[in-house]
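Asker: Let's see this in three dimensions:
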Amino acid sequence: ALRTMSPEDQKMSFDALFCFAMMWTIGGSIADDKTVNYRKSFNAFMKGISKAVKFPDQGECYDFIYEPKAKDWVSWETYIKAYHPISE
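Answerer: Okay, the predicted model is just below:
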C-alpha cells in the first residue's frame with residue numbers, strides 16, 4: 001500500500017508508523033504507580049506528538065493501530081474476531 005501512495009501520503013504514513021512503533025517500544029513497558037498514572041501521561045504525550053495523523057479523541061493510544069490503506073488510526077477491535085467458547 002505504501003508504494004502506491006504519493007510522497008506526501010508516504011511521509012504521513014511513515015510518521016504514524018513511527019509513532020506506533022515508539023508507542024509500543026517505550027509505552028509498552030510503562031506501568032502504573034499507586035500515586036502517578038504514567039500510562040495516562042504517556043497517552044497524552046503520544047496524542048500530542050502524532051502530528052500527521054491525529055489519534056481519535058476517545059480511548060487511549062494503545063487502543064489503535066495505524067492502517068496505511070485507510071490513512072487513519074483504526075481500533076484493534078476491527079481485527080479481533082468475537083470469541084465463542086466451545087460448549088461441551
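
Asker: List the buried residues in the lowest-mean-pLDDT helix or strand in the chain.
Answerer: Counting by mean pLDDT, DSSP states H and E, the chain has its least confident helix or strand at helix 38-49, which shows a mean of 89. Neighbour counts over helix 38-49 (16 or more other Cβ atoms under 10 Å) mark Arg39, Phe42, Asn43, Met46 as buried. For the C-beta atoms, the positions are set from N, CA and C on the backbone; glycine is no exception.

Asker: Of these, just say which sits nearest to Ile65.
Answerer: Proximity to Ile65 was ranked across the buried residues of helix 38-49 by Cβ to Cβ; first place goes to Met46, at 13.2 Å.

Asker: Report pLDDT for the closest residue in space to the closest one that isn't next to it in sequence.
Answerer: By the measure of Cβ to Cβ, 6 or more residues apart in numbering, the closest residue to Met46 outside its immediate chain neighbours is Cys61, 4.2 Å from it. Predicted confidence (pLDDT) for Cys61: 90.

Asker: Repeat that for Tyr83.
Answerer: In this prediction, Tyr83 carries a pLDDT score of 88.

Asker: List the residues that contact it.
Answerer: Tyr83 makes contact with no residue, according to Cβ atoms under 8 Å, 6 or more residues apart in numbering.

Asker: helix/strand/coil for it?
Answerer: Applying DSSP: H, G, I helix; E, B strand; the rest coil to Tyr83 yields a three-state assignment of coil.
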